[in-house]
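# mind looking at a prediction? Sequence and model below.
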There are 2 protein chains.
Amino acid sequence: MSRPSERADAQLLDERSPLAHTRDRFRVPDGVIYLDGNSLGALPVGVPDRLARVVEQEWGDGLIRSWNPLPDGGGDWIGLSKRVAARIAPLIGADPADVHVGDSTSVSLFKAIVAAARLRPDRRVLVVEPTTFPTDGYVAAGVADLLGLELRWCDPADPLAAVDEDVALLALTHVDFRTGAMFDLPGITAGAHARGALVQWDLCHSAGAVPVGLSDADADLAVGCTYKYLNGGPGSPAFTWVNPRLQADARQPITGWMGHASPFAMARDYEPAGGIGHWASGTHPVLALSALDAALEAFEGVTVEQLRAASLSLTDLFLELLDERCVPRWPEIEVVTPRDHARRGSQVSFRHPDAYGLVQALIARGVIGDFRDAGAEPGIARFGFTPLYLRHVDVHDAVDHLVAVLEGEEHLDPAYASRNPVT
Amino acid sequence: MSRPSERADAQLLDERSPLAHTRDRFRVPDGVIYLDGNSLGALPVGVPDRLARVVEQEWGDGLIRSWNPLPDGGGDWIGLSKRVAARIAPLIGADPADVHVGDSTSVSLFKAIVAAARLRPDRRVLVVEPTTFPTDGYVAAGVADLLGLELRWCDPADPLAAVDEDVALLALTHVDFRTGAMFDLPGITAGAHARGALVQWDLCHSAGAVPVGLSDADADLAVGCTYKYLNGGPGSPAFTWVNPRLQADARQPITGWMGHASPFAMARDYEPAGGIGHWASGTHPVLALSALDAALEAFEGVTVEQLRAASLSLTDLFLELLDERCVPRWPEIEVVTPRDHARRGSQVSFRHPDAYGLVQALIARGVIGDFRDAGAEPGIARFGFTPLYLRHVDVHDAVDHLVAVLEGEEHLDPAYASRNPVT
């Protein structure tokens, strides 16, 4: 079965999938095919009860006492960030002791980039890839401005070409948010090291969907968000990983009390906690971390290899169906996601002159993807594939809807002529 | 009735209180007298339902669509931070347009202190008060280290004495977290301005309990937490206020995408949003902000003047009862909170050689305050008075318990000989 264009073929793939059982760990609404888990993951079933318990019993009844373990086994808020870190670590190929979870992705990027720049004080250039998710470039520019460094844009096709002896840090996003193209994390890391530079990896579009292997690659620093493939909920806190080889010297700049060696001693002078501990700044967001902790239970018993195999099977099928049923009839569809497995994240994107209308017409049919503006180029329709809850039949049905939209010219509906500012 | 030592007198004060009705806006557990709302506020009744709706309907059913307004009136996550800011603004004497809500208190302090330092580039000293809540000093020290500035400690009795022509910023906590002593915010602000310096006010122990009056005082920058007297829940996000006079020039350093003038244009280069808008960094924490938004409904129809009058009435009563029933018998009790209304926050603290045991023995009786280490000095027992849900009878009963603890020497229980690290 090289080209499974029948729905029954997709069903067969689902029946054989080792992740067939994990869809029940999520509440995917009836009538929705959710291809936007790369923007906001679906709701894991354990989250509502966990949050209700944390709010009503731990906060409401336990009050301040819940920072300590409660007699009935709840509470222990002080250890919450570490418990969440321990769940994320295996998904990124890291030791739990080297992961911190707390602030927003942008704040976490800031801390990591400043720390990296300070590790190479004799080098004055930060290199950023210009098609990265904007916040990475914005934050790096802010750090450069603050510390009097130079920001240099690299060629996305060859980031290492920009890394010379003046470069402290190369900041890259592992999987491109628009195209789904994936960088060679171990290879680029090794190349930057050979040039004396550090690499900061943004794992927002990687963690929970593709193998990352930070320890194996001997990477330097990494930051990732938790509300995409990790399903932590809107605006859930980001994680940061720092290679233990760097921890003794790396200094993040927001030296708040929760990163102190003895926060409750309330001493006047700052003394950083050891290891990754000093990456904490303020009191951590207990409600958000509790939701994230419950969400990550959906990964229990699942390996990164299983996630990757399922993800590739889903994106392969979507690409095959696009090639078979759409591109021959509507050649204006230009797939921009790499065919090569080694270069593909867990997403498929294509350009189309009416990409915005296409996405809106699909949403009206319950097939939720999203649109990304591409400036002068045709816009991009983006479809994310979360292997824990997406089935091959969803992929098949989504392409049915796409064909129907194109055949019926639903994407040309005048209602889609003006764009919603938040998409 | 100058010394209301009878419970009936306290009941009478409750009946006459204009805030008698607001206690029903909170779930205070049966059998608990909660005098730790200055550490973590009690649960407002509207929070559980709001969070359940946001999680199950907006996240679970609405998914990514909930960033926009939903047809049924929910969603609109993109506007959530501004809606919360509008609720906080009147409590601090500010215009809603000048308030941002988002990161942790420590991250917010970092942004504000960096921005202030950059507004006075020809001055190289940051002044901090050494008995401030530690994170303020730690963060200021981190900024000084990052930017090559000098950190100078001031005399808490006369902070302005340390402010000379080298000082860019005086960072002060409005109400001291240990003693409850309150600085003269307008007077010190004016004094610092006369010396050419800016003032950063930490309002963690002020907002929601005492008048702040930022606009009237022509203050510069202020940061406050929302999980104390604002009852936003454990680790809820902090707020920042910047005087509009400074907004065009003030630049916070964590230039993330949500502070961009057009975040969804996904442009390569950062362009700050106008006004306080560029204070945003990452995607805001929707669950935490939703809980906070619901929590702040408890302030509806309540004025700052009513809060202040009720707070002073409660702390007056506690001080009177301490003076009448405790200090004469146990003179080792040393009240450290100012008697002068103008210098008192919404808290009463006293030193005691066994302050830790006293607090633990009271907690065992359901009277929850907390302990703060004071180094070489006798430790501090802290009692916070949240006027929205505390009654005068609670104050009366709490002192009954304190007397019983001291009479029974319950605070000398060997179980309290070793301290829990998180208190």
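Received it, and whenever you're ready, just let me know what you need.
# next one: the least confident helix or strand in chain A by mean pLDDT to chain centre, how far?
Least confident element among the helices and strands of chain A, by mean pLDDT, DSSP states H and E: strand A:370-372 (a mean of 93). Its chain's C-alpha centre and that of strand A:370-372 lie 16 Å apart, by Cα atoms, centre = their mean, to the nearest Å.
# stretch A:312-330 now?
How far stretch A:312-330 lies from its chain's middle: 24 Å, per Cα atoms, centre = their mean.
# with stretch A:221-231 instead?
With Cα atoms, centre = their mean as the basis, stretch A:221-231 stands 4 Å off its chain's centre.
# ok so, going back, what's the least confident helix or strand of chain A in contact with?
A:36, A:39, A:177-178, A:349, A:355-356, A:359-360, A:379-382, A:419, A:423, B:64, B:266 (Cβ atoms under 8 Å, 6 or more residues apart in numbering or on different chains). C-beta: built from backbone N, CA, C; applies to glycine.
# list only those of those residues flagged as buried.
Burial of the contacts of strand A:370-372 was assessed by neighbour count (16 or more other Cβ atoms under 10 Å in any protein chain shown); the buried members are A:36, A:39, A:177-178, A:349, A:355-356, A:359-360, A:379-382, A:423, B:64, B:266.
# do I have it right that A:Pro387 meets A:Val210?
No - counting by Cβ atoms under 8 Å, A:Pro387 sits too far from A:Val210 to count as a contact (9.9 Å).
# find residues that contact each of those two.
A:307, A:311, A:346.
# can you pull out the helices in the stretch 101-250 of chain A?
Assigned helices in the stretch 101-250 of chain A, in chain order: A:105-119, A:134-147, A:185-194, A:244-247 (criterion: DSSP state H, counting those that start in this stretch).
# what would those look like in JSON lines with mean neighbour count?
JSON lines is the format used below for the helices of the stretch 101-250 of chain A (neighbours: other Cβ atoms under 10 Å in any protein chain shown):
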{"stretch": "helix A:105-119", "mean neighbour count": "26"}
{"stretch": "helix A:134-147", "mean neighbour count": "24"}
{"stretch": "helix A:185-194", "mean neighbour count": "17"}
{"stretch": "helix A:244-247", "mean neighbour count": "14"}
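# rebuild those as JSON lines, extending it with distance to chain B.
Below are the helices of the stretch 101-250 of chain A laid out as JSON lines (distance: least, Cβ to the nearest Cβ, whole Å):
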{"stretch": "helix A:105-119", "distance to chain B": "3"}
{"stretch": "helix A:134-147", "distance to chain B": "3"}
{"stretch": "helix A:185-194", "distance to chain B": "21"}
{"stretch": "helix A:244-247", "distance to chain B": "17"}
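# of all these, which one is nearest B:Gly256?
Closest to B:Gly256 of the helices of the stretch 101-250 of chain A, according to Cβ to Cβ: helix A:105-119, at 2.8 Å.
# show me how far that closest one is from its chain's centre.
For helix A:105-119 - counting by Cα atoms, centre = their mean - the centre lies 17 Å from the chain centre.
# just the angle for that helix relative to helix B:134-147, thanks.
Comparing the axes of helix A:105-119 and helix B:134-147 via axes from the mean of the first three to the mean of the last three Cα atoms, to 10 degrees yields an angle of 50 degrees.
# export helix A:105-119 as PDB, just CAs?
What follows is helix A:105-119, C-alpha atoms only, in PDB (Å, rounded to 0.1, in the frame of the first residue of the first chain):
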ATOM      1  CA  THR A 105       9.000  31.600  26.500                       C
ATOM      2  CA  SER A 106      10.100  35.100  25.700                       C
ATOM      3  CA  VAL A 107      11.400  35.700  29.200                       C
ATOM      4  CA  SER A 108      13.100  32.300  29.200                       C
ATOM      5  CA  LEU A 109      14.800  33.100  25.800                       C
ATOM      6  CA  PHE A 110      16.000  36.400  27.300                       C
ATOM      7  CA  LYS A 111      17.600  34.600  30.300                       C
ATOM      8  CA  ALA A 112      19.200  32.000  28.100                       C
ATOM      9  CA  ILE A 113      20.600  34.500  25.500                       C
ATOM     10  CA  VAL A 114      22.000  36.800  28.200                       C
ATOM     11  CA  ALA A 115      23.600  33.800  30.000                       C
ATOM     12  CA  ALA A 116      25.100  32.600  26.800                       C
ATOM     13  CA  ALA A 117      26.500  36.000  25.900                       C
ATOM     14  CA  ARG A 118      28.100  36.300  29.300                       C
ATOM     15  CA  LEU A 119      29.800  32.900  28.800                       C
END
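# contacting residues around the host helix or strand of A:Ala310?
Using DSSP states H and E, A:Ala310 sits in helix A:304-321. For helix A:304-321, contacts defined as Cβ under 8 Å, 6+ apart pick out A:3-5, A:10, A:13, A:17-19, A:90-91, A:93, A:180, A:208-212, A:335, A:337, A:339, A:341, A:344, A:346-348, A:383, A:385, A:387-388, A:390, A:392, A:395-396, A:398-399.
# so which of the helices of the stretch 101-250 of chain A comes closest to B:Phe239?
Nearest to B:Phe239, of all the helices of the stretch 101-250 of chain A, is helix A:105-119, at 15.8 Å by Cβ to Cβ.
# just for chain A, where's the confidence low?
For chain A, the stretches with pLDDT under 70 are A:1-4, A:420-423.
# okay, domains of it per the record?
Following automatic domain parsing, one finds the domains of chain A at A:7-44+A:302-414, A:76-299.
# burial count for A:Val54?
27 (other Cβ atoms under 10 Å in any protein chain shown).
# tell me the SS of the closest residue to it other than its chain neighbours?
Setting aside the residues directly before and after it, A:Val54 is nearest to A:Ser290 in space (Cβ to Cβ, 6 or more residues apart in numbering or on different chains), at 4.4 Å. When classified by DSSP: H, G, I helix; E, B strand; the rest coil, A:Ser290 comes out as helix.
# hey, C-alpha coordinates of stretch A:72-82 in PDB?
The C-alpha coordinates for stretch A:72-82 follow below in PDB (Å, rounded to 0.1, in the frame of the first residue of the first chain):
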ATOM      1  CA  ASP A  72      -3.600  14.000  52.400                       C
ATOM      2  CA  GLY A  73      -0.900  14.000  49.800                       C
ATOM      3  CA  GLY A  74      -1.600  17.200  47.900                       C
ATOM      4  CA  GLY A  75       0.100  20.600  48.100                       C
ATOM      5  CA  ASP A  76       3.900  20.600  47.900                       C
ATOM      6  CA  TRP A  77       3.700  23.600  45.600                       C
ATOM      7  CA  ILE A  78       7.300  24.300  46.200                       C
ATOM      8  CA  GLY A  79       8.300  21.100  44.400                       C
ATOM      9  CA  LEU A  80       5.900  21.600  41.500                       C
ATOM     10  CA  SER A  81       8.400  23.100  39.000                       C
ATOM     11  CA  LYS A  82      10.800  20.200  39.500                       C
END
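# and that stretch, is it in reach of chain B?
Yes - counting by Cβ under 8 Å from any Cβ of the partner chain, contacts between stretch A:72-82 and chain B involve A:77-78.
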